[in-house]
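Enquirer: just to be clear, the model below is a prediction. Sequence and coordinates:
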Amino acid sequence: MLILGIETSCDETAAAVVEDGSKVLSNVVVSQIDIFAEYGGVIPEVAARNHLEVMMPVVRKALEDAGKTWDDIDAIAVTHTPGLLGSLLVGTLTARTLAIIHNKPLYAVHHLKSHIYANWINADSLPEFPLLALVVSGGHTQILRMNAHNHFEIIGTTRDDAVGECFDKVAKILGLPYPGGPAITKAGLSGDKNKFKLPKPNVDGLDFSFSGLKTAVLRAVQSELGLPISHPSYDLKNHLSEQQISDFAASFEKTAVDYLLEKLEKAYEMYPETKSFVVAGGVSANQALREESVKRLPNVFFPEPKFSGDNGAMVAAAAYFEIKSGVAPTDPYKLNIMPRSAIN
């Protein structure tokens, strides 16, 4: 089965052709990172306008790279929710129109499901059920249980900021470029990860909180520089040495990774029947998280780094397993953008 997957939930315009939920025939991604690096974050209206400019060329390129025509495509999948409404609108309108014109079944896919199913793409071995999934990205931090394909139960979620957002904001405090995750990792390579003892948020159960950790870094930087808490965060970078930046980056990354894995270990204690762990989302590309996960947990799976971020292949993979689970296609004439919501 060949599925064309379309992804436009944030600032990547992506399309891919995937065979049987795992074999990627093409994967085209046009990123807007260069546009938003100057601003330190995504501007929703600008993102939507850029999706409009490149959406159809990206779809055509995906078909061309796969060596396929519309006659070969069995279904179209598109990210439906959650995400930036303007960005999602471009993708869903494109997918709806293409489904109607080419008479193809349409599958509206949840963004976080897609990230989880990135672990099935081009994989030499596959996760076993029941499994625990840690979804970590710029907008989401969740732990989910899966007893079978397309069966999800959220058992932990962030109460405020997502871990990826926290990386971005800490990077901004340190004067590092956007996106914050890769910048913090790079800066931390020459830093002492034990230099600064940062507190881990105390949240009951399996839920997360990252707003306090972000504030803890801010206060630690101000204290290290001998500046009052009233000193503006945007100016701190002008007082930090390169070594201080590296030490703070390394210390923050270590704390964030420890916090994520402590919660996942706690989930394992609660569900000892778990056979596999999957880590998904943009932050799953973080090397420290990958290395520590393998050390601390058995049978851990990660997507290939190029499939960790937003891409069309993961959307197509998720749709394939929805189809195999008996999910009916979406009526392209009735598909609407839904509010940001949890997996159900």
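Expert: Arrived safely.

Enquirer: state the mean pLDDT of stretch 87-102.
Expert: Across stretch 87-102, pLDDT averages out at 95.

Enquirer: with just CA atoms, put it into CSV.
Expert: Listed next in CSV are the C-alpha coordinates belonging to stretch 87-102 (Å, rounded to 0.1, in the frame of the first residue of the first chain):
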residue,chain,number,x,y,z
SER,A,87,-0.4,26.0,9.1
LEU,A,88,-2.7,23.0,9.6
LEU,A,89,-5.3,24.7,7.4
VAL,A,90,-2.9,24.8,4.5
GLY,A,91,-2.1,21.1,4.8
THR,A,92,-5.6,19.9,5.3
LEU,A,93,-7.1,22.0,2.5
THR,A,94,-4.4,20.7,0.2
ALA,A,95,-5.0,17.1,1.2
ARG,A,96,-8.8,17.4,1.0
THR,A,97,-8.6,18.9,-2.5
LEU,A,98,-6.2,16.3,-3.8
ALA,A,99,-8.3,13.5,-2.3
ILE,A,100,-11.4,14.8,-4.1
ILE,A,101,-9.6,15.5,-7.4
HIS,A,102,-7.9,12.1,-7.6
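
Enquirer: OK, contacts around Ala313?
Expert: 5, 16, 18, 24, 27, 118, 121, 307 (CB atoms under 8 Å, 6 or more residues apart in numbering). Where you see a C-beta, it was placed from the backbone N, CA and C, and this is true even at glycine.

Enquirer: try it again with 10 Å
Expert: Residues near Ala313 by CB atoms under 10 Å, 6 or more residues apart in numbering: 3, 5, 7, 14-18, 21-29, 62, 114, 117-118, 121-122, 303-304, 306-307.

Enquirer: tally of neighbours for the residue lying closest to it once chain neighbours are set aside?
Expert: Nearest residue to Ala313 in three dimensions, chain neighbours excluded: Ala16, at 3.9 Å (CB to CB, 6 or more residues apart in numbering). Ala16 has 30 neighbours, counted by other CB atoms under 10 Å.

Enquirer: surely Ala16 is in contact with Ile76?
Expert: No - contact between Ala16 and Ile76 fails when scored by CB atoms under 10 Å: they sit 11.5 Å apart.

Enquirer: tell me the spacing between the residue lying closest to Val109 once chain neighbours are set aside and His111.
Expert: With CB to CB, 6+ apart as the criterion, Val109 has its nearest non-adjacent residue at 4.8 Å, and that residue is Ala318. For Ala318, the distance to His111 (CB to CB, to the nearest Å) stands at 9 Å.

Enquirer: looking at the two, which has the bigger crowd around it?
Expert: Neighbours of Ala318 and His111, each counted by other CB under 10 Å, are more numerous for Ala318; the result is 30 against 26.

Enquirer: so for the helix or strand harbouring that one, what's the average pLDDT?
Expert: In the assignment (DSSP states H and E), Ala318 maps to helix 312-324. Averaging pLDDT along helix 312-324 gives 96.

Enquirer: OK, contacts around the residue nearest to Val109?
Expert: Contacts for Ala318 (CB under 10 Å, 6+ apart) come out as 3, 5, 18, 21, 77, 79, 107, 109-118, 120, 149-150.

Enquirer: cool, Gly312 as well?
Expert: 3-8, 12-18, 24, 26-29, 58-59, 62, 77-79, 91, 114.

Enquirer: local confidence estimate at Ile343?
Expert: Reading off the model, Ile343 has pLDDT 45.

Enquirer: now Asp247
Expert: pLDDT, Asp247: 98.

Enquirer: same question for Lys193.
Expert: Lys193 is assigned a predicted lDDT (pLDDT) of 95.

Enquirer: so it is in contact with Lys254, correct?
Expert: Yes - distance between Lys193 and Lys254: 4.1 Å, which falls inside the contact criterion (CB under 10 Å).
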